[in-house]
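Peer 1: what would the 3D arrangement of this be:
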Amino acid sequence: MANIKGKNRNAVWIWAIAAVALVGVFYLVRIATRTRVPVRIAAAERGELRSTISTNGRVEPQVNFEAHAPYSGLIKDRYAHEGERVTQGELLVELDGTDARTRLAEALANLRNTQATYNSMVKGGTQEERLALNGDIVRMKSEHEQAEQNLNALKKLQLTGAASASEVAAAEQRLAATNVSMELLQQRKTKRYDAGDLERAKTAFEQAQAAYAAAQSVLSQADVRAPFSGTVYSLPVSKSEYVQQGALLLQMADLSKLQVRGYFDEPEIGKLHVGQPITIEWDARPGKEWHGHIARVPSTIITYGTRNVGEVLITIDDAQGDLLPNTNVRITVIVANEGDALNVPREALHTDRGKSYVFRIVNGKLRSTEVRVGSLNLTQVEILSGLKEGDEVALGSTNGVPLVNGMPVIEGR
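Peer 2: Numbering: from 1, shown residues only. Below is the predicted model of the structure:
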């Protein structure tokens, strides 16, 4: 019995000593770590680092056709529907051309009148006027010859005393009068209209030609035909509808040849160049992507809402008719793609007075280490110098304590 009691006392002492030892160990650990700040840690590692820029854009056709009403009138008929594929030359919309044909006839009549007026002035008058003038010239020539003969006869008679000096003088006056009349008739024949008259007639003729051509053009636009094969994507009019001059009748395009006008913020423009690959997403078709490339970089900065942006023209390489014009899309451009970059999480990077640094963990303490950075994205940053693969860096404390150089730390969760 005594032996059993002794053994029980020994067991109690053993458990008591063990408990005291555990408390001591816990206390020593607590003493050793109570001044260390818990931090999240990451290691510098090599891997792919892709840097992208995302923005919004608007889809537009590379070749677009819009038809507008050439005059106010009724839609006689429409032969296409929105979303329909049409071929070149196909009749799409027809307007009532009654008024247009009337205006064309009036323009033709005016053209013919002004042309006849101009031609007659160039020739010296109408045919009737020219015939009458030629008759007057012939008659005046006959009178001139008669006056000349009379004068010659009187001069001979004067030599014999059969005619007086006054009779000779009167004959000379009649001959002079016929000369003046002949000269006036010749001027009427060759110089009936001055340069100003001819110029005004020519201008009126040219204006009539232009008016007739315009009337022909208007009438030709009464029938709207497809200028190329494509898809009608907007047709806002219906049969028998009255439209005003200039109203939009339809829009069509080749939907396999689309482009996007993207709007990049001013600080990002320097990272762009022709040929960079582009990814395009449209919220109406989640999970679907289109691909393209930059065809033209900005040449100026414009105001777009509250942003200062540059317009970038993007050619879509795989458009197949499933992306519609005038839709708003999200575009992403890859500005850097490093396949084997030494990188750390972006939150490990700090800057001060234009210099970049990280807190490297050395023997349980933070060491401020200056680094040179390269490409970066939303989560990672490339380290060009200052770190080597496997170096551990602090991302931040788990208890909100600011990180400082030389601070003792432990890994926290």
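Peer 1: show me the contacts for Gly390.
Peer 2: Shown here is Gly390, whose contacts under the criterion CB atoms under 8 Å, 6 or more residues apart in numbering are 43-45. Where you see a C-beta, it was placed from the backbone N, CA and C, and this is true even at glycine.
Peer 1: and it, which of the three is it?
Peer 2: Here Gly390 is recorded as coil under DSSP: H, G, I helix; E, B strand; the rest coil.
Peer 1: now it: phi and psi?
Peer 2: phi 100, psi -20 (degrees, to the nearest 10).
Peer 1: turn the contacts of Gly390 into a markdown table, including pLDDT.
Peer 2: Output for the contacts of Gly390, formatted as a markdown table (pLDDT from 0 to 100):
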| residue | pLDDT |
| --- | --- |
| Ala43 | 94 |
| Ala44 | 94 |
| Glu45 | 93 |
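Peer 1: how about those residues in TSV, adding distance to Val362, secondary structure and neighbour count?
Peer 2: Formatted as TSV, those follow (distance: CB to CB, whole Å; DSSP: H, G, I helix; E, B strand; the rest coil; neighbours: other CB atoms under 10 Å):
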residue	distance to Val362	secondary structure	neighbour count
Ala43	13	strand	13
Ala44	13	coil	21
Glu45	18	strand	13
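Peer 1: ok now stretch 45-64, how far from the chain's centre?
Peer 2: Mean-position distance between stretch 45-64 and its chain equals 19 Å (CA atoms, centre = their mean, to the nearest Å).
Peer 1: how near is the nearest residue to Ser234 once chain neighbours are set aside to Gln88?
Peer 2: Nearest non-adjacent residue to Ser234, counting by CB to CB, 6 or more residues apart in numbering: Gln251, 3.9 Å away. Distance, Gln251 to Gln88, using CB to CB, to the nearest Å: 16 Å.
Peer 1: out of these two, which sits in the busier spot?
Peer 2: Using other CB atoms under 10 Å, the more surrounded residue of Gln251 and Gln88 is Gln251, with 20 against 10.
Peer 1: which helices and strands sit right next to the one helix or strand that one maps to?
Peer 2: Using DSSP states H and E, Gln251 maps to strand 248-253. In terms of contacts (3 or more CB pairs under 8 Å, 6 or more residues apart in numbering; DSSP states H and E), strand 248-253 is packed against strand 64-68, strand 91-95, strand 230-234.
Peer 1: of the ones you listed, which is nearest Met140?
Peer 2: Distance to Met140, taken as CB to CB, is lowest for strand 91-95 among the helices and strands packed on strand 248-253, at 61.1 Å.
Peer 1: and the following helix or strand past the closest one, how far from the chain's centre?
Peer 2: Downstream of strand 91-95, the next assigned helix or strand under DSSP H and E is helix 98-123. Centroid separation between helix 98-123 and its chain, computed with CA atoms, centre = their mean, is 41 Å.
Peer 1: show the pLDDT at Gln245.
Peer 2: Listed pLDDT for Gln245 reads 91.
Peer 1: list the contacts for it?
Peer 2: 69-72.
Peer 1: distance check, it against Gln259.
Peer 2: 31 Å.
Peer 1: with Val232 instead?
Peer 2: Per CB to CB, Val232 is found 19 Å from Gln259.
Peer 1: can you show me the strands along the stretch 301-413 of the chain?
Peer 2: Under the criterion DSSP state E, counting those that start in this stretch, the stretch 301-413 of the chain contains strands at 302-304, 307-316, 328-345, 350-352, 355-362, 365-370, 372-376, 380-385, 392-397, 409-411.
Peer 1: report the buried residues of the last one.
Peer 2: Residues of strand 409-411 classed as buried under the neighbour-count rule (16 or more other CB atoms under 10 Å) are Val409.
Peer 1: on that earlier part again, can you redo the strands of the stretch 301-413 of the chain as JSON lines with distance to Lys76?
Peer 2: What follows is the strands of the stretch 301-413 of the chain, written out as JSON lines (distance: least, CB to CB, whole Å):
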{"stretch": "strand 302-304", "distance to Lys76": "42"}
{"stretch": "strand 307-316", "distance to Lys76": "37"}
{"stretch": "strand 328-345", "distance to Lys76": "36"}
{"stretch": "strand 350-352", "distance to Lys76": "70"}
{"stretch": "strand 355-362", "distance to Lys76": "71"}
{"stretch": "strand 365-370", "distance to Lys76": "78"}
{"stretch": "strand 372-376", "distance to Lys76": "62"}
{"stretch": "strand 380-385", "distance to Lys76": "64"}
{"stretch": "strand 392-397", "distance to Lys76": "72"}
{"stretch": "strand 409-411", "distance to Lys76": "81"}
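Peer 1: so for Ala195, which of those sits nearest?
Peer 2: Closest among the strands of the stretch 301-413 of the chain, using CB to CB: strand 302-304, at 52.4 Å.
Peer 1: list of residues touching the closest one?
Peer 2: If you take CB under 8 Å, 6+ apart as the criterion, strand 302-304 is touched by 263, 308-311.
Peer 1: okay, now the sheet partners of it, with direction.
Peer 2: strand 307-316 (antiparallel) (DSSP bridges).
Peer 1: which of the residues in the strand it pairs with are buried?
Peer 2: For strand 307-316, burial by neighbour count (16+ other CB under 10 Å) applies to 309-316.
Peer 1: what's the closest of those to Lys141?
Peer 2: Nearest to Lys141 among these, with distances taken as CB to CB, is Leu313, at 79.3 Å.
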